[in-house]
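**Q** Below are the sequence and a predicted model for it; my questions follow.
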Amino acid sequence: MAITKEEVLHVARLARLELNDAEVERFQGQLSAILEAVSKVAELDLTDVPPTSHPLEVSNAWGEDIPHTSLTLDEAFANAPDRDDDHFRVPPA
Amino acid sequence: MSITWEPVIGLEIHVQLKTETKMFCRCRNGFGGDPNTQTCPVCLAFPGALPVPNRRAIEETIKLGLALECSIADRAVFHRKNYFYPDLPKAYQISQYDEPLCADGRLVVPTADGEVEIGIVRAHLEEDAAKNVHVAASGRIHGATATLVDFNRGGSPLVEIVTAPNIHSSDVAKRFLQLLRQTVVELGLSEAELDKGSMRFDVNVSVRPLGSDELRTRTELKNMNSFNFAAKGIEREIARQIKIYENGGTVDQETLHFDPTAEESAPMRSKEEAQDYRYFPEPDLVPVHPAPEVIEALRSQIGELPTARIRRIANTLSFYDADVLVTGGLDRLWAAVVDGGADPKEAANVLANSFVASGIDPDAVNPAELTKLVIARSEIPRGVFDEALAKVGEPGFSADPYTAQKAVSDASALEPIIAAIIEANPGQVEQYRGGKQGLLGFFVGQVMKETGGTADARVVSELVREQLGA
């Protein structure tokens, strides 16, 4: 396995996910398969190849500093699970 | 033999840019809007929404980097910094990691004992988090709490500046912060107001035996909202760490929440909570390649910086005065008043003391009128001067009605008043003549009272001395 149970639990904790034993095992298998597939790249000689952060030969894509129209409160809150007047309401942080 | 300890201080400063719009969307940036009225699919992290960087924010960060003598990256990349908190709807902050816009700079801090060079490790661009308000729930479930989130600030452009850990006193740390603030304000990048959170900073502190170059465990002080609190918090932390080492203990790596009213700093989060941010390049954004001609154009917009001006003005005035004038944003007004013919030291005194205390915006002042006032200062009653100075920032202010009220220094006008006061206070006269010289002030005060404050105190003092000496 390319990833340990402890690592699965660590990642789950960072994402605030609660996993039961069966799920840990299932994700360990799935994540390991992904990591093994990706690690194929390591078989190539990449000494002179810089890391790619983006596949496109594009740079300096930006916008000018001119305001657009923001959402209305009702639009902003349309999918919010909870709302307190003009604030999003979430469990205590 | 007891060890001499050397503090090792590093600073991390966040400055909110005052662009019109946010960093990755074109919602309005800045205070004043009602909660959650400056939001859109990007800054609320609706699925599928894509970030578009703010060109002006990138250019202003480069400009700050140039002012801090940084190298500007030929290629800069945005990264995702992952963490889970309600102020961050994407569950990651777009920040910069190993390819920041600006790196390897310095800021020279003039002090009374010479100049200190503080290294700038990096200055990078990122987005601010939203504002959380933690509240007690009203009604429904007694005692429960909730967090309310306002996303107006979420996604605002934020520059993070990280110094090298080569600051060795709380005083230099404070001066560095003041100078950096003034630099940022003058470049037009930010209001950098501590009380509004548009400038925030964290301080890393450790100590080591003087002469050693080790870096011991550091603690981080957060939430300091004034330069004086920062200096005080650093002093306190240095003393705490020294005491621990001298008692044979070890310092824990932790974050301390600074409470100026408490005697000690309370721990906020210990290292077991240490974050794992899983940085990786933001796939939704392409690299930034600042063009050399853009960098040069930005460089040409930078005027004479505060450090250079303190250095120059300290040739004329004391270091202290030069420092107060420049870090207070008053030196240009001072120069104009001096050009107008006022005495440099006198002008500095007025600006660094009474004027600062008045809180008047230096830009609102007509230097010509202030000059007249400074020149007339010794000739008009103190009360008249103070009254005029309080109004010097008002539109259309004229110094003339005030400078016309010359203090009464004519001996023939003052002598009868003085004689009457001497006559009326035989007891004090006797004590004065018996050697209680301090009573001179009493007589001068009586004359000032009698003349409604219009007498020239210096002349009165001479005349009283003369008459009593008889």
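**A** In hand now; what should we look at?

**Q** Would you mind measuring the gap between the ends of stretch B:396-408?
**A** 28 Å (CA to CA, to the nearest Å).

**Q** Now do the buried residues in it.
**A** Buried residues in stretch B:396-408, counting neighbours by 16 or more other CB atoms under 10 Å in any protein chain shown, are found at B:F397, B:A399, B:Y402, B:T403, B:Q405, B:A407, B:V408. (Glycine included, C-beta is placed from N, CA and C.)

**Q** Once you drop chain neighbours, what's closest to the last one?
**A** Closest residue to B:V408 in three dimensions, ignoring its sequence neighbours and counting by CB to CB, 6 or more residues apart in numbering or on different chains: B:A455, at 4.8 Å.

**Q** quick one, helices of chain A?
**A** Assigned by DSSP state H, the helices in chain A fall at A:5-14, A:21-38, A:73-77.

**Q** To clarify, my last question referred to the stretch 1-150 of chain B.
**A** Remark: helices assigned in the stretch 1-150 of chain B by DSSP state H, counting those that start in this stretch are B:55-67.

**Q** State which strand of chain B is the longest.
**A** Across chain B, the longest stretch assigned as strand under DSSP state E is strand B:114-127.

**Q** quick one: it near chain A?
**A** No - Strand B:114-127 does not reach chain A (CB under 8 Å from any CB of the partner chain); its nearest approach is 11.5 Å.

**Q** Quick check: can you name the pairing partners of that strand and their directions?
**A** If you go by DSSP bridges, strand B:114-127 pairs up with strand B:102-111 (antiparallel), strand B:157-163 (antiparallel).

**Q** can you state the direction angle for that strand and helix B:55-67?
**A** Angle of strand B:114-127 versus helix B:55-67, following axes from the mean of the first three to the mean of the last three CA atoms, to 10 degrees, is 160 degrees.

**Q** Flag every buried residue along strand B:114-127.
**A** By 16+ other CB under 10 Å, the buried positions in strand B:114-127 come out as B:V116, B:I118, B:G119, B:I120, B:V121, B:R122, B:A123, B:H124, B:L125, B:E126, B:E127.

**Q** Could you tell me how many residues sit around the spatially closest residue to the fifth one that is not a sequence neighbour?
**A** Nearest-residue entry for B:V121: B:V162, 4.5 Å, with adjacent residues in sequence omitted and distances by CB to CB, 6+ apart. For B:V162, the neighbour count with other CB atoms under 10 Å in any protein chain shown is 19.

**Q** got a list of what the one residue sitting closest to the centre of chain A touches?
**A** The residue lying closest to the centre of chain A (CA atoms, centre = their mean) is A:A15, at 9.0 Å. Taking CB atoms under 8 Å, 6 or more residues apart in numbering or on different chains, we find A:A15 in contact with B:F84, B:A91.

**Q** Tell me how far it lies from B:G359.
**A** Using CB to CB, to the nearest Å, one obtains 49 Å as the distance from A:A15 to B:G359.

**Q** Ok, A:L44 next?
**A** From A:L44 to B:G359 the distance is 66 Å (CB to CB).

**Q** B:V294 now?
**A** Distance, B:V294 to B:G359, using CB to CB: 38 Å.

**Q** Could you do B:P35 as well?
**A** B:P35 sits at a distance of 29 Å from B:G359 (criterion: CB to CB).

**Q** more crowded one of these two?
**A** Using other CB under 10 Å, the more surrounded residue of B:P35 and B:G359 is B:P35, with 19 against 7.

**Q** Verify the contact between that one and B:N152 for me.
**A** Yes - using CB atoms under 8 Å, B:P35 makes contact with B:N152 at a distance of 6.5 Å.

**Q** if I pick the closest residue to chain A within the stretch 301-450 of chain B, what's in contact with it?
**A** Residue nearest to chain A within the stretch 301-450 of chain B: B:Q301 (15.9 Å; CB to the nearest CB). Contacts for B:Q301 (CB under 8 Å, 6+ apart) come out as B:K63.

**Q** Kindly report the same for B:P41.
**A** Counting by CB under 8 Å, 6+ apart, B:P41 makes contact with A:L71, B:C25, B:G48, B:A49.

**Q** And it, how close does it get to A:G63?
**A** B:P41 is 15 Å from A:G63, where distance means CB to CB.

**Q** same check, this time on B:T163
**A** Going from B:T163 to A:G63 by CB to CB gives 31 Å.

**Q** again, but for B:Q178
**A** Computed with CB to CB, the distance linking B:Q178 and A:G63 is 34 Å.

**Q** Setting the sequence-adjacent residues aside, check what's closest to residue 89.
**A** Picked chain A for this. Leaving aside its sequence neighbours, A:R89 sits nearest to A:D82 (CB to CB, 6+ apart; 4.1 Å).

**Q** switch to chain B, that's the one I care about
**A** Leaving aside its sequence neighbours, B:P89 sits nearest to B:A45 (CB to CB, 6+ apart; 3.7 Å).

**Q** And that neighbour, what's its pLDDT?
**A** On the pLDDT scale, B:A45 is placed at 96.

**Q** State the phi and psi torsions of it.
**A** According to degrees, to the nearest 10, the main-chain angles of B:A45 amount to phi 60, psi 40.

**Q** quick one: it and B:K90 touch, right?
**A** Yes - assessed by CB under 8 Å, B:A45 is found in contact with B:K90 at 4.1 Å.

**Q** So the two - more neighbours on which side?
**A** The residue with more neighbours, out of B:A45 and B:K90, is B:K90; 18 against 15, by other CB under 10 Å.

**Q** and residue 87, how many residues sit next to it?
**A** Just going to use chain A. Residues lying near A:H87 (other CB under 10 Å) number 23.

**Q** I was thinking of chain B, sorry if that wasn't clear
**A** For B:D87, the neighbour count with other CB under 10 Å is 19.

**Q** any idea how far B:N152 is from it?
**A** For B:D87, the distance to B:N152 equals 12 Å [CB to CB].
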